[in-house]
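**Q** no sequence on this one, just coordinates:
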């Protein structure tokens with residue numbers, strides 16, 4: 001009986017730790033968003049798509065740079081280095097997003113970077129960072 005109680009106790013502890021980490025991750029993203037809020041034209045949450053993994057990140061757009069970061073990742077693109085900007089309903093892998101999400105896809109030097117946004121945030125991003133194909137004039141607009 002005590003072995004069963006120990007196993008159930010371990011499962012409960014594991015679930016509680018997972019819930020705590022999920023809630024803490026949201027707090028950490030809020031800290032990243034707050035860091036950029038004053039100096040950026042647009043900040044929001046998104047999920048960075050890396051293969052089959054969707055990694056929560058904070059996005060920020062300044063006049064010259066696109067930032068994405070979380071506790072484990074800090075990266076950015078100079079806007080003049082982006083070759084293409086797309087907004088789509090499908091990931092590059094062909095997986096369709098259902099519901100209230102869209103994909104922001106950035107291409108730079110042959111590599112694609114995808115971010116899943118909710119539709120309300122996607123509308124703001126497409127106004128501030130309009131879609132463009134390779135060779136088009138590079139512009140970003142104030143929101």
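**A** Done, it's in. None of the values given here were measured: they were computed from a predicted structure.

**Q** Identify the residue spatially nearest to residue 125, adjacent ones excluded.
**A** Excluding the flanking residues, the one nearest residue 125 by C-beta to C-beta, 6 or more residues apart in numbering is residue 104, at 5.9 Å. In this view, the C-beta of every residue, glycine as well, is placed from N, C-alpha and C.

**Q** The one you found: how many residues sit nearby?
**A** Number of residues near residue 104 (other C-beta atoms under 10 Å) recorded here: 22.

**Q** ok, now residue 10?
**A** Neighbours of residue 10 (other C-beta under 10 Å): 10.

**Q** That one in helix, strand or coil?
**A** helix (DSSP: H, G, I helix; E, B strand; the rest coil).

**Q** Give me the distance between it and residue 60.
**A** 40 Å (C-beta to C-beta, to the nearest Å).

**Q** Figure out the helix or strand that the residue nearest to residue 125 lives in.
**A** strand 101-108 (DSSP states H and E).

**Q** Pull out the buried residues from that strand.
**A** Buried residues in strand 101-108, counted by 16 or more other C-beta atoms under 10 Å: 102, 103, 104, 105, 106, 107.

**Q** just stretch 36-46 next, same as before
**A** Quick answer for stretch 36-46 (16+ other C-beta under 10 Å): 36, 40, 41, 42, 43, 44, 45, 46.

**Q** by contact count, what packs against the host helix or strand of residue 4?
**A** Assigned by DSSP H and E, residue 4 falls within helix 2-37. Judged by 3 or more C-beta pairs under 8 Å, 6 or more residues apart in numbering; DSSP states H and E, helix 2-37 is in contact with strand 42-50, strand 53-61, strand 65-70.

**Q** low-scoring stretches of the chain, by residue?
**A** Residues of the chain meeting the criterion pLDDT under 70: 1, 21-28, 135-143.

**Q** swap the cut-off to 90 and go again
**A** In the predicted model, the chain carries pLDDT under 90 at residues 1-39, 50-54, 70-73, 89-101, 109-110, 119-120, 131-143.

**Q** I'd like the buried residues of stretch 36-46 written out as TSV, with distance to residue 75 added.
**A** Shown next, in TSV, are the buried residues of stretch 36-46 (distance: C-beta to C-beta, whole Å):
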residue	distance to residue 75
36	13
40	15
41	18
42	17
43	15
44	16
45	16
46	13
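
**Q** Kind regards, and thank you for your time.
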